[in-house]
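>>> model the following, please.
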Amino acid sequence: MTTSTRTTSWTLTDLPPQRGRTVLVTGAGGGIGLETARALASAGARVVLAVRDVDTARQAADRIGGSTEVLRLDLADLSSVRRFAAAWDRPLDILVNNAGVANVPLLRTRDGFEPHFGTNHLGHFALTNLLLPRITGRVVTVASNAHRRASLDLDDLNWERRPYRAAAAYGQSKLANLLFTRELQRRLTASGSALRAVAAHPGAATTGLNRHLGPVMTLVAATVGRLVMQSGPAGALPTLFAATEDIPGASYAGPDGRGEQRGHPTLVGRSSAAEDDALARELWDRSEDLTGTAYPLPLP
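Predicted coordinates for the structure are as follows:
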């Protein structure tokens, strides 16, 4: 990890050498995750792509080159998360919680959760807790500006009583990502751990997350995207910045341009709900109950 605190005009050329480090990136078969994996592998890291579609990811890993490995992980299935963590038998420098779904219909995960909350938050919550004893550096969780319009209903996290709106469910899961990061850092600090929990968002980047919008809205998103969105490699920069720069725990990185839509990575703000420590603790407790996993380090 570099000791620089640079927060403006950061580009891929500023990525410090990663030789000798092991990085796990979830959802690295395409989009931001793949670009994150590609950059870290190019910097010398051993990168593990944790994905549902192993065959596609292996083709991507072959194109990346360097020291890469593909392992199967389905974050929408807690039994898959547990098997993955139980088989992990080596130190891990950086965990990048990148995988996610957006704008999906109201189905249910294997464990009965609303898909955005179950995949984007609970799957990563369980994975992080189970791997934490082996993590030596930091946990990076990819959130979204969608959290700013979101609220968290602790009494209906799985949308069993409210009218379901996919965009609102996605926003809730991204707010949960930031609250998780905040509470994880609080616990790490209380445990005397040097590990850091940080978050990042890509701004408006061209990824595969719009594939569930339907043909008309997908076309609109693609048309608008050509005008305002940045590329996948540029969208990965905030994640890379958060993973490798010497920034404080609980920091949030994003683009420095207007509306945080595009630009160079820097430290950015978040909504007041994302800074609610009491809400973060309540969500943590509820997430432990739902996943059957708990913070593994001793607390005072």
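>>> what is the helix or strand Leu175 falls within packed up against?
Element membership of Leu175 [criterion: DSSP states H and E] is helix 166-190. With contacts taken as 3 or more C-beta pairs under 8 Å, 6 or more residues apart in numbering; DSSP states H and E, helix 166-190 sits against helix 115-116, helix 124-131, strand 135-142, strand 196-200, helix 277-291. In short, each C-beta sits where N, CA and C put it, glycine included.
>>> ok, and for that helix, which residues are buried?
Buried residues in helix 166-190, defined by neighbour count with 16 or more other C-beta atoms under 10 Å: 166, 168-188.
>>> most packed of the helices and strands packed on helix 166-190?
Among the helices and strands packed on helix 166-190, the stretch with the highest mean neighbour count (mean count of other C-beta atoms under 10 Å) is strand 196-200, at a mean of 27.
>>> that one: how far from the chain's middle?
On the basis of C-alpha atoms, centre = their mean, to the nearest Å, strand 196-200 sits 9 Å off its chain's mean C-alpha point.
>>> what comes into contact with that strand?
137-143, 177-178, 181-182, 184-185, 188, 238-239, 241-243, 247-254, 265 (C-beta atoms under 8 Å, 6 or more residues apart in numbering).
>>> which SS class is the residue lying closest to Ala28 once chain neighbours are set aside?
Leaving aside its sequence neighbours, Ala28 sits nearest to Leu49 (C-beta to C-beta, 6 or more residues apart in numbering; 3.8 Å). Assigned by DSSP: H, G, I helix; E, B strand; the rest coil, the conformation of Leu49 is strand.
>>> how about Ala250?
coil.
>>> for it, which non-adjacent residue is closest in space?
Gln185 (4.1 Å).
>>> ok, that neighbour - contacts?
196-198, 249-250.
>>> for this structure, name the helix or strand with the lowest mean pLDDT.
helix 215-228 (a mean of 45; mean pLDDT, DSSP states H and E).
>>> so which elements touch the helix or strand that it is followed by?
Reading on from helix 215-228 to the C-terminus, the next helix or strand found by DSSP H and E is helix 232-235. In terms of contacts (3+ C-beta pairs under 8 Å, 6+ apart), helix 232-235 is packed against helix 31-42.
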